[in-house]
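[1] Here is the input, now give the coordinates:
(chains A and B)
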Amino acid sequence: MDIRFRNESFTDKLFTIVNALFITVLFISVLYPIIYIVSASFSDSQAVVSGEVWLWPVRPSLEGYTAVLDYKMVWTGFKNSVIYTVAGTAVNVAMTVLAAYPLSRKDFYGKNVFMFLFMFTTMFTGGLIPNYLLVRELHMLDTVWSMIIPTALTVWNVIIARTYFQMSIPDELLEAAQLDGCNDFQFVWKIVIRLSGPILAVITLYYAAANWNQYFNAMIYLKSQHMYPLQLVLKDILVKNDVDVAMLSGDPMDAARREALKTLLKYSLIVISTVPLLVVYPFVQKYLVKGVMIGSLKG
Amino acid sequence: MIRGWQLYVLMALPFAYLIIFKYVPMYGAQIAFKNFIVTKGIWGSAWVGLDHFSRFIHSYDFTRILGNTLLLSFYNLLAGFPFPILLALGLNYLRSRSYRKVVQMVTYAPHFISIVVIVGIVKELLDPRIGIVNKLLDVFGIAPINFMGEISMFSSIYVWSDVWQHAGFNCIIFIAALAAIDPALHEAAVVDGASKFRRMWHIDLPGIMPMAIILLILNTGHILDVGFEKVLLLQNPINLKASEIIDTYVYKVGLTAQVANYSYSTAIGLFKSVINLALLLAVNKLAQKTKQASLW
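    Okay, here's the model as predicted:
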């Protein structure tokens, strides 16, 4: 490491400076929209629509957040999303471990056939309509199951977990355990999952993010509004600009004020809906590199 | 085989899932060759051969939809490819470790934001009246642009918001590849008087090229899988001319049309899947031939 930075020539210094500038420009272009949105969400609604907010909150207020609090659909959606995410992710991780462990064993007869059957589904799918018809045939439309079962497994995560098991759980460990009378079930439960913390953290984050962010399946499988996950509620408000003004605070307000509050509500919603993941993310971040690296290895 | 029965028990549930939710729909895709009538079921409906396919290929929308799909995906591939590499190379030569950590942490994060929220952010920031982008343009004396209402802007909005969201996360893999490069190469180059730029150009860049090529192959295989959900959310009646892609068309024909046409919609989806599969196999073959890294 030292040798790289000692006695830098002029061109090297220039390179270092240009490089630092380049990274800073990229950094700011990613960071600025985020800061702007958070600042706007904590500003006064008039300040947001009249364009006074540039960087930090102007006339700080929690107006937007109280508007969100009053918006009932958001809370139903939030509650549903938590249920779908927790239940869905539990199923996801369990199924992934169940599939990945046998595939990681050298002595699993028929391993290549199973691998091919898994891999093939990443290259070719039946398509939207056959999937929809299947879910309908199974009478899962408009039930919680349609949010959990059709997405129970992601092949890519199975590959990641399998590769990790292969690399980090030595055959000798299995042999020793078997000598002690441990069967495969016990081995998975007592040893494999306890030695696989980092990879389980990574796939849990991937699945949880996917479940939390899921809106398309909800859109085609769910009919009842009271079952809508947060993302579907957000879609109406953020994308279709379909804000139920009656749900905004009960005070009589003039039209301009309501329009301003509508905009502010969106910024606050963007922040609130993203917070749960951003809370989990720093804890898992250190494992991400490992997960990505393992995923990139050949199957 | 008998001795390992417990492994099969472990595999039973995931395997059942795979068969039911992945392979049964593939079987169901045969309705693309039939006139599917719900009451008759998949098996009972009459065969019509390739009628639905030829109807799609000869339809008025075909050229435009295929064109949009290809344009969006190639644009996305070309714009999205260099940024993670540049970011990784840049981070690698950053002096301050802590600054590097901060940049990484912040640039990874948007990857986990939902598409609905990303589209919401894009729409708020690009708003012609109160969006920050137009306010910034105003500072430079540029008249406000109604981004979402400009047909020609659609592909750029789609692609650059994607780069914004994923460049950071996609660079992880290149950072890891850079860390795996033998430091002795750098030391030797320094002894020979190579500048940092030359080292980056002649050591780091070739070092991560195999990884880059694998990723390029992978992405080419999914060239027609443009981010369907995002396109659907970004669509509005004005930009539809530029934003209708195969997947959104499949969705509309099959699920939201007044008279849902399951067979026609399935045929269009199948058309896409087959081309994707063929491309993936072809590109991989090419990669093997040229003795580059290949997938299998």
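[2] Poorly predicted segments of the stretch 1-150 of chain B, please.
    B:1-3 (pLDDT under 70).
[3] which residues of it fall in helices?
    B:5-18, B:24-28, B:41-44, B:51-57, B:62-80, B:82-92, B:97-108, B:115-125, B:132-139 (DSSP state H, counting those that start in this stretch).
[4] What of the stretch 101-250 of chain A?
    Counting by DSSP H, counting those that start in this stretch, the helices of the stretch 101-250 of chain A are A:111-123, A:128-137, A:145-148, A:155-168, A:171-179, A:184-187, A:193-195, A:197-213, A:216-221, A:230-234.
[5] packing partners for the first one?
    Here helix A:111-123 touches helix A:72-104, helix A:155-168, helix B:5-18, helix B:262-289, going by 3 or more CB pairs under 8 Å, 6 or more residues apart in numbering or on different chains; DSSP states H and E. The way it works is simple: take the backbone N, C-alpha and C, and place the C-beta from them, glycine included.
[6] Please dump those into TSV; it should also carry distance to A:Ile191 and mean neighbour count for every row.
    Formatted as TSV, the helices and strands packed on helix A:111-123 follow (distance: least, CB to CB, whole Å; neighbours: other CB atoms under 10 Å in any protein chain shown):
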stretch	distance to A:Ile191	mean neighbour count
helix A:72-104	11	20
helix A:155-168	11	21
helix B:5-18	14	17
helix B:262-289	37	19
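[7] Nearest to A:Ala255, out of those?
    helix A:72-104 (22.0 Å; CB to CB).
[8] Now do the contacts for the residue of the stretch 151-299 of chain A found nearest chain B.
    Chain B sits closest to A:Leu238 of the stretch 151-299 of chain A, with a gap of 3.0 Å, by CB to the nearest CB. Residues in contact with A:Leu238 (CB atoms under 8 Å, 6 or more residues apart in numbering or on different chains) are A:Lys266, A:Leu269, A:Ile270, B:Val116, B:Val117, B:Val119, B:Gly120, B:Lys123, B:Glu124.
[9] In chain A, where's the longest helix?
    Criterion DSSP state H: the longest helix present in chain A is helix A:255-296.
[10] And chain B, is that helix touching that?
    Yes: Helix A:255-296 lies within reach of chain B by CB under 8 Å from any CB of the partner chain, at A:263, A:266-267, A:269-270, A:273-274, A:277-278, A:281-282, A:285, A:288-289, A:292-293, A:296.
[11] ok so, going back, please convert the helices of the stretch 1-150 of chain B to a markdown table, extending it with distance to chain A.
    Shown next, in a markdown table, are the helices of the stretch 1-150 of chain B (distance: least, CB to the nearest CB, whole Å):
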| stretch | distance to chain A |
| --- | --- |
| helix B:5-18 | 4 |
| helix B:24-28 | 3 |
| helix B:41-44 | 8 |
| helix B:51-57 | 12 |
| helix B:62-80 | 14 |
| helix B:82-92 | 5 |
| helix B:97-108 | 5 |
| helix B:115-125 | 3 |
| helix B:132-139 | 5 |
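[12] deepest of those, which one?
    helix B:115-125 (a mean of 24; mean count of other CB atoms under 10 Å in any protein chain shown).
[13] what inclination does that helix have with respect to helix A:197-213?
    Using axes from the mean of the first three to the mean of the last three CA atoms, to 10 degrees, the direction of helix B:115-125 lies 60 degrees away from that of helix A:197-213.
[14] Report the closest residue of the stretch 1-150 of chain A relative to chain B.
    Closest point on the stretch 1-150 of chain A to chain B, by CB to the nearest CB, is A:Gly126, at 2.8 Å.
[15] What number of residues are in the vicinity of A:Met219?
    18 (other CB atoms under 10 Å in any protein chain shown).
[16] Once you drop chain neighbours, what's closest to it?
    What sits nearest to A:Met219 in space, not counting adjacent residues and going by CB to CB, 6 or more residues apart in numbering or on different chains, is A:Leu232, at 6.1 Å.
[17] quick one, what contacts the one you found?
    Contacts for A:Leu232 were tallied using CB under 8 Å, 6+ apart; they are A:Gly77, A:Tyr215, A:Ala218, A:Met219, A:Leu222.
[18] so how far is the helix or strand encompassing A:Lys13 from its chain's centroid?
    In the assignment (DSSP states H and E), A:Lys13 maps to helix A:10-41. The chain centre lies 25 Å from the centre of helix A:10-41; the measure is CA atoms, centre = their mean, to the nearest Å.
[19] Which positions in it come out as buried?
    For helix A:10-41, the neighbour count (16 or more other CB atoms under 10 Å in any protein chain shown) marks A:12, A:15-16, A:19-20, A:22-23, A:26-27, A:30-31, A:33-34, A:36-41 as buried.
[20] Double-check that A:Glu8 belongs to a strand.
    No: going by DSSP: H, G, I helix; E, B strand; the rest coil, the assignment for A:Glu8 is coil, not a strand.
[21] Pull the contacting residues for the closest residue to it other than its chain neighbours.
    Of all residues not flanking A:Glu8 in the chain, A:Thr16 sits nearest, at 7.2 Å (CB to CB, 6+ apart). Contact analysis of A:Thr16 by CB under 8 Å, 6+ apart lists A:Glu8, B:Tyr93, B:Arg95, B:Lys196.
[22] Next, format the residues you listed as JSON lines and append neighbour count.
    As requested, the contacts of A:Thr16 are exported to JSON lines (neighbours: other CB atoms under 10 Å in any protein chain shown):
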{"residue": "A:Glu8", "neighbour count": "14"}
{"residue": "B:Tyr93", "neighbour count": "22"}
{"residue": "B:Arg95", "neighbour count": "11"}
{"residue": "B:Lys196", "neighbour count": "23"}
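[23] Return the member of these nearest to A:Ala176.
    Nearest to A:Ala176 among these, with distances taken as CB to CB, is B:Tyr93, at 46.4 Å.
[24] per-residue pLDDT, the residue nearest to that closest one when sequence neighbours are not counted?
    Closest residue to B:Tyr93 apart from its sequence neighbours, by CB to CB, 6+ apart: A:Asn19 at 5.0 Å. At A:Asn19, the model reports a pLDDT of 88.
[25] Surely A:Asn19 and B:Leu94 touch.
    Yes: counting by CB atoms under 8 Å, A:Asn19 does reach B:Leu94; the two are 6.9 Å apart.
[26] sorry, back to before: relative to B:Ile31, which of the contacts of A:Leu238 is nearest.
    B:Val116 (30.5 Å).
[27] Tell me who's in contact with that closest one.
    Going by CB under 8 Å, 6+ apart, B:Val116 touches A:Asn213, A:Tyr215, A:Gln231, A:Leu234, A:Lys235, A:Leu238, A:Val239, B:Leu233.
[28] No further questions, thank you.
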